[in-house]
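Asker: Here is a sequence together with a model predicted from it:
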Amino acid sequence: HHQGGTTYTEVAQFLGKRGALRNLPSCPQFTVAGAIATATHGSGVDIHNLSAQVSMLEFVKGDGSLVRYSRDDASSRDVLVGCRVHLGCLGVVSRLTLDVMPYFEVETFRYDDVPLQNMLDHLPEFWKSCDSLSVWTSGFGRGHGAGSCWIA
């Protein structure tokens, strides 16, 4: 279990090589509770947003009482699916449980100075060819880097 204010960096450090999360945000300093509440996504066409990894949520409601929803509890399983992305409206997340999978290594490729128009023309193919895609550009304007991008 993790407390609501735990960051993805802290989760990854805790897991080490003992396990991994299926998906991470591009900014690992995000809190897990904040990222799931807002449907923050990682990368990849076939990977769900970060809230899909939550198997239990516990909230402190406005009156101070606790409410818990878990995938393991038949009476609250469906409610869990609906309340993972809650935008802060259901209370303060006090505890949560994330799905952990076996540890795996990630391979990264980076391509610099890619013509921006070429990237845009082939973007659907790029999305389908990898689990995670990040594209940065200086835009179409003038100056250093204009008209090109780098892809990781």
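Answerer: Okay, I see it.
Asker: Tell me which stretches of the chain form helices.
Answerer: 8-15, 32-37, 77-83, 116-121, 123-128 (DSSP state H).
Asker: Quick one: distance of the last one to the chain centre.
Answerer: Between the mean C-alpha location of helix 123-128 and the chain-wide mean there is a distance of 19 Å, by CA atoms, centre = their mean, to the nearest Å.
Asker: List of residues touching that helix?
Answerer: Helix 123-128 has contacts (CB atoms under 8 Å, 6 or more residues apart in numbering) with Val45, Met119, Leu133, Val135, Ile151. Where you see a C-beta, it was placed from the backbone N, CA and C, and this is true even at glycine.
Asker: show me what contacts the first one?
Answerer: Val45 sits next to Trp127, Lys128 when contact means CB under 8 Å, 6+ apart.
Asker: how close does Ser134 get to Ser94?
Answerer: Distance, Ser134 to Ser94, using CB to CB, to the nearest Å: 33 Å.
Asker: Between the two, which has more neighbouring residues?
Answerer: Set Ser134 next to Ser94 and count neighbours by other CB atoms under 10 Å: Ser94 wins out with 17 against 11.
Asker: Tell me who's in contact with that one.
Answerer: For Ser94, the contacting residues are Gln3, Gly4, Glu58, Phe59, Val60, Leu66, by CB under 8 Å, 6+ apart.
Asker: Perfect, that will be all.
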